[in-house]
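Novice: Predicted coordinates and the sequence they were generated for:
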Amino acid sequence: MMLRRVLAATGVPTHSCCMIPGVRILSSHYSRTSLIRTLSTMTTKKLIFAKHFDGEPKPSDFKLVEEKIPALKNGEVQFEALFISVDPYMRPVSVGKPLGHKMFGAQVARVVESKHPNYKKGDNVVGYMGWETHPICNPDTLESPFGALEKPLVLPDFKKLPLSLALGVLGMPGNTAFFGLTELCQPKAGETVCISGAAGAVGSLVGQIAKNLGCKVVGIANKKEKLDWLTSLGFDVVIDYKEEDVDKRLTEKVPQGIDCYFDNVGGEMSSTVLSHMNMFGRVAVCGAIAGYNAKTPPLAPMVQSAIVMNQLRLEGFFVQRWLGRWNEGILKNMGWVQEGKLQFREFVTEGFEKLPEALIGTMRGDAVGKALVKV
Ligand SMILES: NC(=O)C1=CN([C@@H]2O[C@H](COP(=O)(O)OP(=O)(O)OC[C@H]3O[C@@H](n4cnc5c(N)ncnc54)[C@H](OP(=O)(O)O)[C@@H]3O)[C@@H](O)[C@H]2O)C=CC1
Ligand SMILES: CCCCC/C=C/C=O
């Protein structure tokens, strides 16, 4: 549609839009980049959620479709996706979602055209537009995967920082780390904070924030590359839960006990951590990835004795609880990033079509830091 208008304006017959000569004539009026962009925005690619996951997600659970971009209606905005997020939460949150629709999820995108007063061409946003290259949506009726209305956020000037950070340290994972740790664990300087899934998008930030607050930090993850990275970030103790005996290592290396546990994983290893907690310890239950792909919930050793004997407080949370304070977390994390006190690492896969593989990879533990796809 847009290309037809451009061609009409140049006098090139519109039926020649896909022919090389037409492209050559146009290039005298338009830069090669804008022409490529114009051509590519005629259609949009979507990954459809085609089959409910059975165990681990599979590429065949998704279907790639390409559609013409419809005309924009009043109140709508057309975006061009720049980065799309892949997150383990997608596995449990997909349960019960209707099939045949675009896969849900967050993306960083640029506004291409707008018929909404609060969005203008060229704005960069982060929002739940799903797995699509050129989505159109009405921001006022856009739903997050968690079932609430959530408008795409227009991003402030990121200065020299990459826009992709709006999906990581300056976005949902950053706020999960900040609010989950500060509000639920309430760590005090000198206390010991333990984190499972410690080298991931959320966990790597939790550990660094805890260090910034003056705590001792224990990180649990798998693979030498991840543990070395955590050590370089200042984690005091690192444990490979697949290669080492977590119980023995905690006894040896954390004799003072654990005051706060930020749990991304659940299962047997978390039961072990709970048995090392101090009196009045606090546990933020953020995720349970150890069980996301399981057909029947895995059994874990009983934890109630540790909870009772040490009078622990465990609380689960969704980060959306703090939507009303969203910018507070983002600004706090941005300050630490700018001071060099909050390092981030991104694990970027190139290509929209690679989204399913990227999701599967991050659930398997391939990613160090935040996993995302560059469209
Ligand atoms: N409550 C909330 O509001 C939110 C919750 N979450 C949850 O937080 C957790 C972390 O999310 P996020 O940082 O995005 O993801 P990560 O970047 O941490 O990626 C997932 C990691 O989980 C680890 N993992 C996978 N399987 C297992 C297993 N069986 N046992 C132990 N570890 C495993 C892998 O690390 P390794 O190689 O070290 O095993 C993998 O890298 C997830 O559970 C997610 O659902 C996320 C955002 C918001
Ligand atoms: C057990 C599922 C937890 C996932 C919560 C994720 C929220 C992300 O925004």
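Specialist: In hand now; what should we look at? Ligands and ions are numbered 1, 2, ... in the order given.
Novice: C-alpha from now on. contacts and neighbour counts both.
Specialist: Fine.
Novice: Flag the shaky bits of the stretch 101-250 of the chain, pLDDT-wise.
Specialist: Residues of the stretch 101-250 of the chain meeting the criterion pLDDT under 70: none.
Novice: so what's the closest residue to residue 242 other than its chain neighbours up against?
Specialist: Distances taken as Cα to Cα, 6 or more residues apart in numbering put residue 222 closest to residue 242, at 6.2 Å, once the chain neighbours are dropped. Applying Cα atoms under 8 Å, 6 or more residues apart in numbering to residue 222 gives the contacts 239-243, 365.
Novice: separation between residue 222 and residue 141?
Specialist: Distance check for residue 222 against residue 141: by Cα to Cα, to the nearest Å, it reads 41 Å.
Novice: cool, and residue 329?
Specialist: Distance of residue 329 to residue 141, given as Cα to Cα: 25 Å.
Novice: Between the two, point out the one with more neighbours.
Specialist: residue 329 (22 against 13; other Cα atoms under 10 Å).
Novice: about what we covered before: among the contacts of residue 222, which one has the most neighbours?
Specialist: Most neighbours among the contacts of residue 222, by other Cα under 10 Å: residue 239, with 22 neighbours.
Novice: burial measure for the closest residue in space to that one that isn't next to it in sequence, as a count.
Specialist: Nearest residue to residue 239 in three dimensions, chain neighbours excluded: residue 220, at 4.8 Å (Cα to Cα, 6+ apart). As a burial measure, residue 220 scores 24 neighbours (other Cα under 10 Å).
Novice: Under a three-state scheme, what state does residue 220 occupy?
Specialist: Here residue 220 is strand, with the state taken from DSSP: H, G, I helix; E, B strand; the rest coil.
Novice: if I pick residue 251, what's in contact with it?
Specialist: When contacts are counted by Cα under 8 Å, 6+ apart, residue 251 touches residue 276.
Novice: Confirm that it lies within a helix, as I assumed.
Specialist: Yes: according to three-state DSSP, residue 251 belongs to a helix.
Novice: ok, which stretches of the stretch 101-250 of the chain are helices?
Specialist: 172-179, 203-212, 224-232, 246-253 (DSSP state H, counting those that start in this stretch).
Novice: Now tabulate the ones you listed in CSV and tack on distance to ligand 1.
Specialist: Shown next, in CSV, are the helices of the stretch 101-250 of the chain (distance: least, Cα to the nearest ligand atom, whole Å):
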stretch, distance to ligand 1
helix 172-179, 5
helix 203-212, 6
helix 224-232, 7
helix 246-253, 12
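Novice: Which of those sits closest to residue 85?
Specialist: Proximity to residue 85, assessed across the helices of the stretch 101-250 of the chain by Cα to Cα, is greatest for helix 172-179 (10.4 Å).
Novice: what's that closest one packed up against?
Specialist: With contacts taken as 3 or more Cα pairs under 8 Å, 6 or more residues apart in numbering; DSSP states H and E, helix 172-179 sits against helix 203-212, helix 326-338.
Novice: TSV for those helices, including distance to residue 67?
Specialist: TSV is the format used below for the helices and strands packed on helix 172-179 (distance: least, Cα to Cα, whole Å):
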stretch	distance to residue 67
helix 203-212	38
helix 326-338	34
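Novice: most packed of those helices?
Specialist: Of the helices and strands packed on helix 172-179, the one with the most neighbours on average (mean count of other Cα atoms under 10 Å) is helix 203-212, at a mean of 26.
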